[in-house]
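Colleague: The following block contains a protein sequence and its predicted model.
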Amino acid sequence: MSLEYIRPRNVEEALECLLSRTFKILAGGTDLVIQLREGRHKDLPILDISRLSELRFIREKDGKTVIGALTTLSDLLSSESLRRTAPVLLAAVREIGSVQIRNMGTIGTRFCQIVSLGRKGRTRTMPLPDFLLGPCKTVLESCELIHSVSFSTPPVYQHFEKLGERKAQAISIASTALVSGFKNGRLKGIRVALGSVAPTVIRAKQAEAFLESRPLTPDMILDAGEMAAQEASPISDVRATAAYRRKMVMAMVTRGLWPCLKEVGESR
Amino acid sequence: MEPRILGKGVSKVDGVKLVTGRGGFTDDFAIPGMLYARTLPSPHAHARILRIDASKARALQGVRAVLTHEDVPRIPFTTAGQGYPEPSPYDSVLLDRKVRFVGDRVAAVAADTLAIAERALSLIDVEYEPLPALFDPEKAMEPDAPKVHDEKDTTGIHDRTRNLAASVEAQVGNVEQGFAAADLILERTYRVPHVQQVPLEPHICISYLDEDGRLVIRTSTQVPFHCRRTVARILGLPVGRIRIIKPRVGGGFGAKQEILLEDICGALTLAAKRPVRLAMTREEEFSRSRTRHPQVIRLKTGVTKEGKLTANEMTVVANTGAYGGHALTVQCCTGSKPLSLYKCPHVKYQAHAVYTNLAVAGAYRGYGCPQGYFAVESQMDELAQALQLDPIEIRKRNMVGLGDSLPMAEVLGEGKEGFHQKIESCGLSTCIEKGAHAIGWSEKRGKPGRGPILRGVGAACLMQGSAIPGVDMGSAYIKINDDGSFNLQVGATDLGGGSDTIFAQITAEVLGISPEQVVVYSSDTDLTPFDKGAYASSTIYITGGAVKKVAELIGEQIVKVASGLLSRNQSDLRFNDGSVVAPDGASVTLAQVAQHSFYTQDQFQIQATASHMSYACPPPFAAQFAEVEVDAGTGLVRVVKFVTAVDCGKVLNPPLAEGQIEGAVAQGLGYALTEELRFDEKGRIVNPNFTDYKIFTARDMPEMKTILVETHEPTGPFGAKSVAEIGINGPAPAVANAVFDALGIRFLELPITPEKILKALKERAPQEAIA
């Protein structure tokens, strides 16, 4: 089997290549190499951007964190500033694959709120939900590279939970991330993100709005869990049934919210 | 005398080469001119091949041989590597006109590269006539069901008109009488799934013709001698024209007690006159290697109000898949071992192993016992609960002990009637006591706590056997070298468990040397004497017995020479640290003895060979304990701690014994909680990979404690019994019993998945299902 392989020296050169023809992009290789071994992308040349250090950075400025697209998952885990500002992100990263995969895998498309895409001569920036179109589908065009992902420092309460069939190297059945601030007995700036229960990661917006609408009570937590479960649109696959996934959304969202009761009390 | 070397944690003789990556596995050797082979898998669960055209594949550049059923003779055989005559039906042929499961072998190609071989497979044009497929063994037994094996030339099938590969029935006493005497009768149906052995090294072999035109096969096998005999039959060669070499093996667990590649690889070498390498991919390992027999087990038990068993009746329907290797003997063991653990005057056992068009079952560590113990040990707990007895107490009131006989083992045997068995060593009550203490049984039992995380502890008791009595034989050969070192040659098959190391220890113990002085060479049908192979927990008990005998014979020869050199009586001489020593301190080194015998006077080679077999089959015993946390919100079970207390007789090498137990527990926990091959409606496996077939990883493993309870088995070498399989039997019932302790819900079906737990919680009390 022969393979055409190009390794550009810098981002400029990479974008130049992308304008001329279609490539498969090798960043960390944790997905691509598996796909190649499965015999996919046989006719496409490989553009190896894995050594473009310009895209490997973590910067924090004015309450905003910017992470270069080629930053590895292990880089994130050893970042002092992320440990302080976004432990929820690190909790999620820790659950991805194995140590070896985290050493190679990049943040790329994986998380965060805002994505910057670059093509030669122009960049565009958009919120993550606009970027994600469906399973393994994004708005990224063949002439573009992901430059970075960025997010505002999330509020203080952060919670992440992933459910897999075992502890290590398990693709998740469902996952939940929660962040929230507290003010006058209410949740403020609550975000409820659900993974593996819809075509893309989604936010449970009805549950979020409901949770902010009045002072938090135990009954509201149960109702919000129910709402989030309804907002999910899971499928059945080899790992779990849709019904089980929906139940897990309920269980995990409520579980993530319980500690908020105490925090809310203290914010009164 | 206290042993010097046995009972110590001697390092593995192959340890250095394995950890430094010098390997020695089958795939570490490439032979110049070697071809790469692939086989074409059936896409259908059941179909007849109407037409097969390989001309395009043959025409492809780089293709050196293509074989279809039109190119090979039709000689029925069994893939099971067992003693001759095998107690398994001859229901397989090299390549058939018919395919019986998705992944069944249709054709084979050898080519210059793997890529060319793959391409050639895609060029083979096959026209299939799909036949109705059978997936449910109970339906497959119905008279109008399609026939998986309708050919007339197969032999040994119990009843091909009802798809019965094997059937067995045995009774001790009279169960009707036993149930009449019971105060309480409990009847339950248990279900256990398809699970796979998943050796980290998949099946692989490399075959070539040596300078004399003999067929040499280097293969990752558990049974080199059975492999040689079976391949000779299939390829129509005399046994003497074949040599099987077993290099280092990366795990077998029963999956390599089968001839799955060597036959077709050898046929390709004969066709191409070139070396050929054939290996399974991981996907093939799942789809066309072997699995544990799934079973539906009905168990009816009668008990008095004092908790004494009066009758036990077990009925098993096993799914053997498309072929019947090990179908009879695995089903025999499901009855003979689990139903022998407790004294019961009336016991009846009946099993049917049924052909279907699913993945093929065979040997897997435990060999029928994990299935049977899941039923028996779950049932004992439920009986205890009904009688308000502690689960440990009911076991103590019924368990076998020293001097008891094992009538079920005698009537069931393994493929033919067995031999009278009497227990001459038993540490079970000590195992229970020490294990219960280590898990904190009395403090933790019956205290699930409150809130979303509920806790429980559970126990299971077990026994296994040591080799197949009256069937298994192993032998060993030793010679001395100039420097007082020894070559030990055994046909036995070290799969990674460490038998080569223990044989070096036994030799060193007898001859007063260090294990490094023993050069062990094993598993080469040209250079080592016969051995049954590595299965049935037999290697240390049987071959270890042969090694002890042959070392003693060597010792006698050395003493005779030394006695002449020292002018002392033979009976006064002792071995000590590489020398032969007289009571007055006069001594001669083994090197001097060797040199004298080679070069000086009455020259001869100090050498001997010995064989060993046994009509006794002493059971090792164990008690296993699981502590679990059940998350009532998600249904996830976390095993917090797992304790095994095991009586394997005299422990010859403690770290290796513990390793056997811990490895077996890891596999047993997967059986309990996560492992299951799943099939779609066409009989295709939907999770043939490590992403979706969940074995326990290091992070999933609980805190492990293994307690070695030593006894002395008079029939075993230095008092040893087996330890290889027993540890896999208990995790499933111990975990199920612990989950019951946590939730008060009994699960009769494996694996106990989060979905099943949530469903059961919801059925019991909907409002409690949410944490």
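Modeller: Okay, I see it.
Colleague: Quick check, pLDDT for residue A:116.
Modeller: On the pLDDT scale, residue A:116 is placed at 71.
Colleague: So what pairs up with it in the strands?
Modeller: For residue A:116, the beta-bridge partners under DSSP bridges are residue A:125, residue A:148.
Colleague: shouldn't it be in contact with residue A:149?
Modeller: Yes - if you go by C-beta atoms under 8 Å, residue A:116 and residue A:149 touch, sitting 7.5 Å apart. From N, CA and C alone the C-beta is placed, and that goes for glycine too.
Colleague: neighbour-wise, which of these two wins?
Modeller: Shown here are residue A:116 and residue A:149; by other C-beta atoms under 10 Å in any protein chain shown, residue A:149 has more neighbours (23 against 18).
Colleague: Spell out which parts of chain A neighbour chain B.
Modeller: A:1, A:163, A:165-171, A:222, A:225, A:238-241, A:244, A:247-248, A:250-252, A:254-255 (C-beta under 8 Å from any C-beta of the partner chain).
Colleague: If any of those are buried, put those into a PyMOL selection.
Modeller: Applying 16 or more other C-beta atoms under 10 Å in any protein chain shown to these, the buried members can be selected in PyMOL as follows:
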select buried, chain A and resi 163+165+166+167+169+170+225+239+240+244+247+248+250+251+252+254+255
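Colleague: Just the ones in helices from the residues of chain A next to chain B, please.
Modeller: Judged by DSSP state H, the subset of the residues of chain A next to chain B located in helices is A:222, A:225, A:244, A:247-248, A:250-252, A:254-255.
Colleague: which one of those residues is nearest residue B:181?
Modeller: Of all those, residue A:244 has the smallest distance to residue B:181: 45.8 Å, by C-beta to C-beta.
Colleague: related to what we said a few turns ago, just the closest of the ones in helices among the residues of chain A next to chain B to residue A:191, please.
Modeller: Of those, the one sitting nearest to residue A:191 (C-beta to C-beta) turns out to be residue A:252, at 14.5 Å.
Colleague: Helices along chain A, start to end?
Modeller: With DSSP H as the criterion, chain A has helices at A:11-20, A:32-37, A:73-77, A:80-85, A:87-94, A:99-104, A:128-131, A:205-213, A:218-231, A:242-266.
Colleague: possible to save those as TSV with mean pLDDT and distance to residue B:108?
Modeller: As requested, the helices of chain A are exported to TSV (pLDDT from 0 to 100; distance: least, C-beta to C-beta, whole Å):
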stretch	mean pLDDT	distance to residue B:108
helix A:11-20	91	43
helix A:32-37	86	23
helix A:73-77	95	43
helix A:80-85	93	54
helix A:87-94	92	46
helix A:99-104	91	35
helix A:128-131	87	48
helix A:205-213	96	57
helix A:218-231	96	52
helix A:242-266	92	42
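Colleague: got these as a markdown table, with distance to residue B:218 columns?
Modeller: Output for the helices of chain A, formatted as a markdown table (distance: least, C-beta to C-beta, whole Å):
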| stretch | distance to residue B:218 |
| --- | --- |
| helix A:11-20 | 47 |
| helix A:32-37 | 26 |
| helix A:73-77 | 40 |
| helix A:80-85 | 52 |
| helix A:87-94 | 43 |
| helix A:99-104 | 31 |
| helix A:128-131 | 53 |
| helix A:205-213 | 62 |
| helix A:218-231 | 56 |
| helix A:242-266 | 47 |
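Colleague: Out of those, which is closest to residue B:526?
Modeller: Distance to residue B:526, taken as C-beta to C-beta, is lowest for helix A:32-37 among the helices of chain A, at 38.2 Å.
Colleague: Tell me how far that closest one lies from the chain's centre.
Modeller: The chain centroid and the centroid of helix A:32-37 are separated by 21 Å under C-alpha atoms, centre = their mean, to the nearest Å.
Colleague: Could you list every helix and strand in contact with that helix?
Modeller: Where contact means 3 or more C-beta pairs under 8 Å, 6 or more residues apart in numbering or on different chains; DSSP states H and E, helix A:32-37 is packed against strand A:24-26.
Colleague: what residues does the strand it packs on touch?
Modeller: Under the criterion C-beta atoms under 8 Å, 6 or more residues apart in numbering or on different chains, residues A:32, A:41, A:44-50, A:145 lie in contact with strand A:24-26.
Colleague: Strand partners (parallel or antiparallel) of it?
Modeller: Sheet pairing of strand A:24-26 (DSSP bridges) gives strand A:46-48 (parallel).
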